[in-house]
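[1] Everything below, folded, please.
(chains A, B, C and D)
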2 protein chains.
Amino acid sequence: MIFSRKTDYGLRALMYLAERRARGPVTLSEIAEKLMIPKAFLSKILQQLAKKGVVRSLKGPSGGFVLAVEPAEVTLQEILTEIDGPTRVFECFATEADCTFYSDCMMREVFGEVEDQIGAVLARYTLADFRYTDKPADSTAGKA
Amino acid sequence: MIFSRKTDYGLRALMYLAERRARGPVTLSEIAEKLMIPKAFLSKILQQLAKKGVVRSLKGPSGGFVLAVEPAEVTLQEILTEIDGPTRVFECFATEADCTFYSDCMMREVFGEVEDQIGAVLARYTLADFRYTDKPADSTAGKA
DNA sequence: CTGAATAGGACCGGTTGGGTCCGCTTTTCT
DNA sequence: AGAAAAGCGGACCCAACCGGTCCTATTCAG
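    Okay, the predicted model is just below:
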């Protein structure tokens, strides 16, 4: 699968931050707890997003993380790229010039097209489309 | 990357077989050698494709592998699916009913859309589009 | 100064992708 | 019948990677 758990965690954290961004920084602990994400791991992800400028991090007491962008301005594509790197679908050993096995390598073409299509879908959504809604607790609990 | 080396090997082997299918079975050794694929590994891949009915395998002396389908009739999508399983792009922990974090989970929707797009591209190509052309040896050799 | 917070490097264990080995079976040829 | 030439398929191996932990350093509010 292309999109990792890291992506899932990161995206969810951003959704959470989007919802709270008016209310100042949110601590790592709060996010981790509410979203049930291992704290140390989430820390790494948010650090990474901070470096990319998607969130801002404040140290010290009353510190935490704040979303640094307008939710509607940042696309899913950007987010995923920032978390997991560009979506590569196929890795070729050779360069176009010495693609040793096929004189004109369709693979490049086809998989390039695939990547474009993926990008196109992801670019159509922004963080604003992914609303965090404090879900209705365990109302359905006990069914499993 | 979604598509593995296995996929690459498999696809290339099929291309090779497509080119030779008039001339009877081709041995594993020949394919492996020409395409520079580890023999034992390729064996596994072809076995798998044999079970799916994409190639036919003949044992015994003068045995080998033959393409069992019309190149133009089998899509890239089918081939890739047969080699690596369906292209899953995202794995969700929960079922729709208890997707715990977002009341209506956009992820499903978005990533479903992504998978559809990938499928659409791959379905547009068939094995016949991927011609194996005995490339002009090492004409450019010595440059690396 | 102290304590609450992030930063970030080192490390770790399980999974999996890529690959090997080897003995077994099937088939053909003599 | 027997030897040789193929594919079959189970067991195994290794390195990379992903998800995750730990520990110390740094920053900053009060």
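
[2] Tell me where chain A has helices.
    In chain A, the helices defined using DSSP state H lie at A:5-20, A:28-35, A:39-51, A:76-84, A:106-123.

[3] counting contacts, what elements does the shortest one pack onto?
    In other words, helix A:28-35. If contacts are counted by 3 or more CB pairs under 8 Å, 6 or more residues apart in numbering or on different chains; DSSP states H and E, helix A:28-35 sits against helix A:5-20, helix A:39-51, strand A:64-67. No exception for glycine: its C-beta is placed from N, CA and C like everyone else's.

[4] anything in the helix or strand bottoming out on mean pLDDT in chain A near chain B?
    When each helix and strand of chain A is scored by mean pLDDT, DSSP states H and E, helix A:106-123 comes last, with a mean of 91. Yes - for helix A:106-123, a contact with chain B is found by CB under 8 Å from any CB of the partner chain, at A:106-107, A:110-111, A:113-114, A:117-118, A:120-122.

[5] For the buried ones among those residues, write the corresponding PyMOL selection.
    Filtering those down to the buried ones (16 or more other CB atoms under 10 Å in any protein chain shown) takes a single PyMOL command:
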select buried, chain A and resi 107+110+111+113+114+117+118+121+122
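
[6] Return the closest of the residues of helix A:106-123 next to chain B with respect to DNA strand D.
    A:Ile118 (16.9 Å; CB to the nearest atom of the strand).

[7] What are the neighbouring residues in contact with that closest one?
    Taking CB atoms under 8 Å, 6 or more residues apart in numbering or on different chains as the contact definition, A:Ile118 lies against A:87, A:89, B:114, B:117-118.

[8] Specify which member of these is nearest to DNA strand C.
    Closest approach between these and DNA strand C, by CB to the nearest atom of the strand: A:Val89, at 12.9 Å.

[9] Any figure for the gap between that closest one and A:Gln47?
    27 Å (CB to CB, to the nearest Å).

[10] again, but for A:Val110
    For A:Val110 relative to A:Gln47 (CB to CB), the value is 36 Å.

[11] repeat for A:Glu33
    Between A:Glu33 and A:Gln47 the computed distance is 18 Å (CB to CB).

[12] any residue of the least confident helix or strand of chain A up close to DNA strand C?
    No - residues of helix A:106-123 contacting DNA strand C under CB under 7 Å from any atom of the strand: none, with a closest distance of 14.2 Å.

[13] picking up where we left off before, can you tell me which of the helices and strands packed on helix A:28-35 comes nearest to A:Phe130?
    Nearest to A:Phe130, of all the helices and strands packed on helix A:28-35, is helix A:5-20, at 4.9 Å by CB to CB.

[14] Give the other helices and strands that that closest one contacts.
    Packed next to helix A:5-20, using 3+ CB pairs under 8 Å, 6+ apart, are helix A:28-35, helix A:39-51, strand A:64-67, helix A:76-84.

[15] Could you dump those into CSV and include mean neighbour count and mean pLDDT?
    As requested, the helices and strands packed on helix A:5-20 are exported to CSV (neighbours: other CB atoms under 10 Å in any protein chain shown; pLDDT from 0 to 100):
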stretch, mean neighbour count, mean pLDDT
helix A:28-35, 16, 96
helix A:39-51, 16, 98
strand A:64-67, 23, 98
helix A:76-84, 20, 95
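
[16] can you redo the ones you listed as a markdown table with distance to B:Gly10?
    Converted to a markdown table, those look like this (distance: least, CB to CB, whole Å):
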| stretch | distance to B:Gly10 |
| --- | --- |
| helix A:28-35 | 40 |
| helix A:39-51 | 35 |
| strand A:64-67 | 44 |
| helix A:76-84 | 26 |
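
[17] Out of these, flag the one nearest B:Phe3.
    Judged by CB to CB, the one of the helices and strands packed on helix A:5-20 that comes nearest to B:Phe3 is helix A:76-84, at 16.5 Å.

[18] how far out from the middle of the chain is that closest one?
    Centroid displacement of helix A:76-84 relative to its chain, using CA atoms, centre = their mean, to the nearest Å, is 5 Å.
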